[in-house]
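Undergrad: Would you be able to build a 3D model of this:
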Amino acid sequence: MSSENYDYARTSRTVTVDGRRVHYNEAGDGPVAILLHGAGPGVSGWANFEHNLPVFAESFRTLVIDQPGFGDSEGTDFEGDYYTHSAETVVGLMDELGIDKAHLVGNSLGGGVALRLALNNPDRVDRLALMGPGGLTTRLFTPEPTLGHTRLYEYTAPPGPTRDKLAVFMRGMVFDEKFVTEDMIDDRFERSQRPGAAESFERMRVSFLSAEGKLALELWREASRVQHETLMLWGREDLINPYDGGLFAFSQMPNASLHVMSRCGHWAQIERADEFNRTVLGFLLEAE
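TA: Numbering: from 1, shown residues only. Next comes the predicted model:
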């Protein structure tokens, strides 16, 4: 596939998992790498990884998945926490596509999902690349909620969502605001207003509020059990999951490396795309 053909329509695929439609974008051949997006209004796999897909596809069969209730994947009620729910959906997708094992690359929420999948199904995962991952942070110097999470909560607070509030949230995802274009804001706002989008996001959020959900959110408690070769990546100026919060989990993981990028926020795959691609691909290719 030539580089100009890496567009949404040409790479778009769907599969049914447990009666639900799961959407993903696919390109490339070879060992499988699955890319999992973060949370936030109007997010999708394509929004997070559109410009990384062609580079990854040069070396891997690359799947950019819309997690349940996001992008063009169907949302539904579920039991337990969202990390587990989404991880089970990814395993179901792998089963449907005949994929025995894959590298997992997860940003924020996707990092937590990747880690839960690796903990619950270690034989289905090769290497992990976790970027500003959810669940692995314990606050050492930054109070809760972080500034990024506060802006996220303010988006849905009365009188309700607005494009201006979304713009504030999205610009906080990067160190250099030039990476957040007006078109990006328009697209994310339109997607966040689609039927079912707000309900799906709320189901995810509420799944972590019970006693069991809060415990499931604290994946750092299980970090020492992760035996996979793991690359943790962080933007030094990350306002959502500040990098210092990941230091305890990093110290507990027996096969982990840490890569911190200066002048970079939560969206390293966008703001530092070349460094992100080079670092993650180099790490994954060591296993091949």
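Undergrad: Need the distance between the two termini of stretch 22-33.
TA: End-to-end distance for stretch 22-33: 17 Å, by C-alpha to C-alpha, to the nearest Å.
Undergrad: typed the wrong thing, it's stretch 123-140
TA: Start and end residues of stretch 123-140 are separated by 33 Å (C-alpha to C-alpha).
Undergrad: Would you mark the buried spots in it?
TA: 124-137 (16 or more other C-beta atoms under 10 Å). Bear in mind the C-beta positions are built from the backbone N, C-alpha and C, glycine included.
Undergrad: Helices - which of these land there?
TA: Applying DSSP state H to the buried residues of stretch 123-140, no entry is found in helices.
Undergrad: Of those, which belong to strands?
TA: Using DSSP state E, 125-131 are the members of the buried residues of stretch 123-140 that sit in strands.
Undergrad: just curious, which of the buried residues of stretch 123-140 is nearest to residue 192?
TA: Comparing the buried residues of stretch 123-140 against residue 192 with C-beta to C-beta places residue 134 closest, at 19.2 Å.
Undergrad: pLDDT wise, what is the closest one at?
TA: You'll see residue 134 listed with a pLDDT of 95.
Undergrad: Then residue 141?
TA: 73.
Undergrad: ditto for residue 4
TA: We have a pLDDT of 59 for residue 4.
Undergrad: isn't residue 233 right up against residue 268?
TA: Yes. Using C-beta atoms under 8 Å, residue 233 is in contact with residue 268, at 5.8 Å.
Undergrad: more crowded one of these two?
TA: Ranked by neighbour count (other C-beta atoms under 10 Å), residue 233 and residue 268 place residue 233 first, with 28 against 25.
Undergrad: Can you check the pLDDT for the closest residue to the more buried one other than its chain neighbours?
TA: Distances taken as C-beta to C-beta, 6 or more residues apart in numbering put residue 131 closest to residue 233, at 4.4 Å, once the chain neighbours are dropped. pLDDT recorded at residue 131 is 97.
Undergrad: And the next helix or strand past the helix ranked longest in the chain?
TA: When the chain is parsed with DSSP H, its longest helix is helix 82-97. Using DSSP states H and E, the next helix or strand after helix 82-97 towards the C-terminus is strand 102-107.
Undergrad: Give me the angle between that next one and strand 125-131.
TA: On the basis of axes from the mean of the first three to the mean of the last three C-alpha atoms, to 10 degrees, strand 102-107 is oriented at 10 degrees to strand 125-131.
Undergrad: Following the chain onward from strand 102-107, which element is next?
TA: For strand 102-107, the following helix or strand on the C-terminal side (DSSP H and E) is helix 109-120.
Undergrad: Tell me which other helices or strands that next one touches.
TA: strand 32-36, helix 82-97, strand 102-107, strand 125-131 (3 or more C-beta pairs under 8 Å, 6 or more residues apart in numbering; DSSP states H and E).
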